[in-house]
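Enquirer: sequence first, then the predicted structure, then my questions.
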Amino acid sequence: METLMVILVGILVSIGTYLILSKQLLRIVLGASIMGHSVNLLIINSGGLKRGSAPLLGEKAAGFADAIPQALILTAIVINFAVTAVVLVLSYRSYKSFGTDDMEQLRGNENE
């Protein structure tokens, strides 16, 4: 299962890199979001699959599941969603102001 997750992370990183290297602003935003999700999968995979009960006081179990990777991923998902929303709004405002989402045209004048 972990090998399958690593392959999936590699595929998502390659898709995200391809989208980030494109010229359109919306594809760059989506590529950054996909890269964030691939990093989340990598962190959850590095935490490993642990079988055990919840870490509650008073429980007597042989092993406990580690809650740190899940807490990190939950926080990262919320932050990734907020950053993606802000960048989408900024890219929409840029499109409305300049009339294009092509990065070559948004770069500016060649004489500067």
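Expert: Yep, that arrived. Numbers count the residues shown, from 1 in each chain.
Enquirer: mind listing what's buried along stretch 11-25?
Expert: Neighbour-count burial for stretch 11-25, with 16 or more other Cβ atoms under 10 Å as criterion, is recorded at 12-13, 16, 19, 25. C-beta: built from backbone N, CA, C; applies to glycine.
Enquirer: in a markdown table: the residues you listed, plus secondary structure and pLDDT.
Expert: Formatted as a markdown table, the buried residues of stretch 11-25 follow (DSSP: H, G, I helix; E, B strand; the rest coil; pLDDT from 0 to 100):
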| residue | secondary structure | pLDDT |
| --- | --- | --- |
| 12 | helix | 96 |
| 13 | helix | 96 |
| 16 | helix | 95 |
| 19 | helix | 95 |
| 25 | helix | 91 |
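Enquirer: now, which of the residues you listed sits nearest residue 94?
Expert: Of all the buried residues of stretch 11-25, residue 94 sits closest to residue 25, with 6.8 Å by Cβ to Cβ.
Enquirer: for the closest residue to that closest one other than its chain neighbours, give me its contacts.
Expert: Computed as Cβ to Cβ, 6 or more residues apart in numbering, the closest residue to residue 25 that is not its neighbour in sequence is residue 101, at 4.2 Å. By Cβ atoms under 8 Å, 6 or more residues apart in numbering, residue 101 lies in contact with 24-26, 91, 94-95.
Enquirer: could you find the closest non-adjacent residue to the residue most central in space within the chain?
Expert: By Cα atoms, centre = their mean, the chain has its centre lying nearest to residue 36, at 1.4 Å. Ranked by Cβ to Cβ, 6+ apart and with sequence neighbours excluded, the top spatial neighbour of residue 36 is residue 80, at 4.1 Å.
Enquirer: now residue 72
Expert: Spatially, and ignoring its direct neighbours in sequence, residue 72 is nearest to residue 43 (6.0 Å; Cβ to Cβ, 6+ apart).
Enquirer: pull the number of nearby residues for that neighbour.
Expert: 16 (other Cβ atoms under 10 Å).
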